[in-house]
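Enquirer: fold the following for me, if possible:
(2 chains)
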There are 2 protein chains.
Amino acid sequence: MHESIRQNLKNIGRLSEEEIALFCSKLIEKRLKRREHLYQFGQVCRSVAFVETGCLRYYYLVNGKEQTGQFFFENSWYTDYESFLSENPTEQFIQAMEPTKLWLLSRHALYELYELNPKFERFGRIMAENAYLGSRKSKVMLQNMLPEERYRLLIEERPKVIERISLKYIATYLGIQPESLSRIRKRIFEGK
Amino acid sequence: MHESIRQNLKNIGRLSEEEIALFCSKLIEKRLKRREHLYQFGQVCRSVAFVETGCLRYYYLVNGKEQTGQFFFENSWYTDYESFLSENPTEQFIQAMEPTKLWLLSRHALYELYELNPKFERFGRIMAENAYLGSRKSKVMLQNMLPEERYRLLIEERPKVIERISLKYIATYLGIQPESLSRIRKRIFEGK
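Expert: Down below sits the predicted model:
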């Protein structure tokens, strides 16, 4: 139990075994069925979630259509940082794409850890830095890249998305119509 | 000397007088003339900058036109977080809007501080969180608000921008043509 999360915390660095054990003692297990939501629009996101197995994605509803923001597979952390930091309601829907096992750390517990030992601040710093870099990267992809370039980048950098996520969700992530994505795939995989 | 930066670090919290003194001992003073650049497109942003007096703005060149990302006045911190974290060249131009006095903390010195004492991680965490929230806020403003709403929000939340920045730069920040901004101002201030 907790092995993958312990490894993840070790990679972040500087935490002793005792500190990792303290961190893990604050975690709450949560299991989601496929398509089940962790948070929905209007709720306040009061936890960070570590994906032990499965996959989460978050999406927005824009004029009744889903726009996928990101996918999170095993060994990664998810939170809606904006809602988490400000305690304002989230605009996201966060949903399991597969049967998913999570470990949740509440906002309250995380701030308590910061108070107990400043070494936990490092976890918060790296989470926030990654959230910033991820949000910038998505923006650049959607603003500056052509649809085919976006898909090629995904193949190169996120093979799990290609392997485990169905095309209709990938299309909403890349900002491409499903029919255009099918044509792009044909060109790439069949050289047509 | 350093009084405003000491106060700023105190507000971030948890640092003792000795730790603040250690932090301040790493700072390098830098003065910029009006319109002078701190970094330009293609350089790596290897420092965080505290604005003691004056004002910085960063902008991008898009099809030869300036798009302003943000303004930073006295008592605030600027860095291009993306370039700073990844050590990739920046796409930003960062420029003084007034005669400006900065204190620079190099990337190297900041990472050294993290190693010396995990209490400095808190500074990094709060910097990264603010960068994330700021970038999200700009995105929402540009995507979801009408030009007049953007200007009204600016009046309400950032009076220094209205008082100290000339209209042509405000227009490139709000993503509005200068002529449209003049019409909006007339409507608001003269009730026309």
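Enquirer: walk me through the domains of chain A.
Expert: Domain segmentation of chain A under automatic domain parsing yields A:3-138, A:145-192.
Enquirer: just grab the bridge partners of the most centrally placed residue in chain A for me.
Expert: By CA atoms, centre = their mean, chain A has its centre lying nearest to A:Phe72, at 3.6 Å. Partner residues in beta bridges with A:Phe72, using DSSP bridges, are A:Leu56.
Enquirer: residues touching it, list them.
Expert: The contact partners of A:Phe72, by CB atoms under 8 Å, 6 or more residues apart in numbering or on different chains, come to A:Val51, A:Cys55, A:Leu56, A:Arg57, A:Tyr78. Where you see a C-beta, it was placed from the backbone N, CA and C, and this is true even at glycine.
Enquirer: try it again with 6 Å
Expert: A:Val51, A:Leu56, A:Tyr78 (CB atoms under 6 Å, 6 or more residues apart in numbering or on different chains).
Enquirer: nearest to chain B, of those residues?
Expert: Lowest distance from chain B to the contacts of A:Phe72 (CB to the nearest CB) belongs to A:Tyr78, with 14.2 Å.
Enquirer: which helices and strands sit right next to the longest helix seen in chain A?
Expert: Longest helix in chain A, counting residues (DSSP state H): helix A:121-144. Helix A:121-144 sits against helix B:81-86, helix B:121-144, with contacts defined as 3 or more CB pairs under 6 Å, 6 or more residues apart in numbering or on different chains; DSSP states H and E.
Enquirer: how about the ones you listed in TSV, adding mean neighbour count and mean pLDDT?
Expert: Output for these, formatted as TSV (neighbours: other CB atoms under 10 Å in any protein chain shown; pLDDT from 0 to 100):
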stretch	mean neighbour count	mean pLDDT
helix B:81-86	19	92
helix B:121-144	18	88
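Enquirer: hmm, who's touching the longest helix of chain A?
Expert: For helix A:121-144, the external contacting residues (CB under 6 Å, 6+ apart) are A:12, A:14, A:81, A:114, A:150, A:175, B:81-82, B:85, B:121-122, B:124-125, B:128-129, B:131-132.
Enquirer: now find how far off-centre that helix is within its chain.
Expert: Chain-centre distance of helix A:121-144: 11 Å, with CA atoms, centre = their mean, to the nearest Å.
Enquirer: please apply the same query to stretch A:86-101.
Expert: Relative to its parent chain, stretch A:86-101 has a centroid offset of 9 Å by CA atoms, centre = their mean.
Enquirer: likewise stretch A:156-173?
Expert: For stretch A:156-173, the distance to the chain centre is 13 Å (CA atoms, centre = their mean).
Enquirer: repeat for stretch A:8-17
Expert: The mean C-alpha position of stretch A:8-17 is separated from the chain mean by 20 Å, CA atoms, centre = their mean.
Enquirer: can you tell if it touches chain B?
Expert: No. Judged by CB under 6 Å from any CB of the partner chain, stretch A:8-17 and chain B are separated, with a smallest distance of 6.7 Å.
Enquirer: what's the end-to-end length of that stretch?
Expert: Start to finish, the residues bounding stretch A:8-17 are 13 Å apart (CA to CA, to the nearest Å).
Enquirer: buried ones in it, by neighbour count?
Expert: Across stretch A:8-17, burial judged by 16 or more other CB atoms under 10 Å in any protein chain shown covers A:Asn8, A:Leu9, A:Leu15.
Enquirer: strands - which of these land there?
Expert: Nothing among the buried residues of stretch A:8-17 maps onto strands, per DSSP state E.
Enquirer: Serialize those to a markdown table and add fields for pLDDT.
Expert: Below are these laid out as a markdown table (pLDDT from 0 to 100):
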| residue | pLDDT |
| --- | --- |
| A:Asn8 | 91 |
| A:Leu9 | 91 |
| A:Leu15 | 91 |
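Enquirer: now those residues in CSV, with distance to B:Lys101?
Expert: Shown next, in CSV, are the buried residues of stretch A:8-17 (distance: CB to CB, whole Å):
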residue, distance to B:Lys101
A:Asn8, 42
A:Leu9, 41
A:Leu15, 39
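Enquirer: among the residues you listed, which one sits closest to A:Arg158?
Expert: For the buried residues of stretch A:8-17, the minimum distance to A:Arg158 (CB to CB) is 18.4 Å, reached by A:Asn8.
Enquirer: quick one: contacts for the closest one?
Expert: Per CB under 6 Å, 6+ apart, neighbours of A:Asn8: A:Asn75.
Enquirer: quick one, phi/psi of A:Arg35?
Expert: A:Arg35 has phi and psi values of phi 80, psi 0 when expressed as degrees, to the nearest 10.
Enquirer: got the buried residues for stretch A:91-105?
Expert: Result for stretch A:91-105 [16+ other CB under 10 Å]: buried residues A:91-98, A:100, A:102-105.
Enquirer: show me how far it is from its chain's centre.
Expert: Using CA atoms, centre = their mean, the offset of stretch A:91-105 from its chain centre is 9 Å.
Enquirer: is that stretch in proximity to chain B?
Expert: No. On the criterion CB under 6 Å from any CB, stretch A:91-105 is out of touch with chain B, staying 9.0 Å away.
Enquirer: give me the distance between the two termini of that stretch.
Expert: End-to-end distance for stretch A:91-105, by CA to CA: 20 Å.
Enquirer: ok, the nearest residue to A:Arg57 once chain neighbours are set aside - contacts?
Expert: Setting aside the residues directly before and after it, A:Arg57 is nearest to A:Phe71 in space (CB to CB, 6 or more residues apart in numbering or on different chains), at 4.7 Å. A:Phe71 sits next to A:Cys55, A:Arg57, A:Val161 when contact means CB under 6 Å, 6+ apart.
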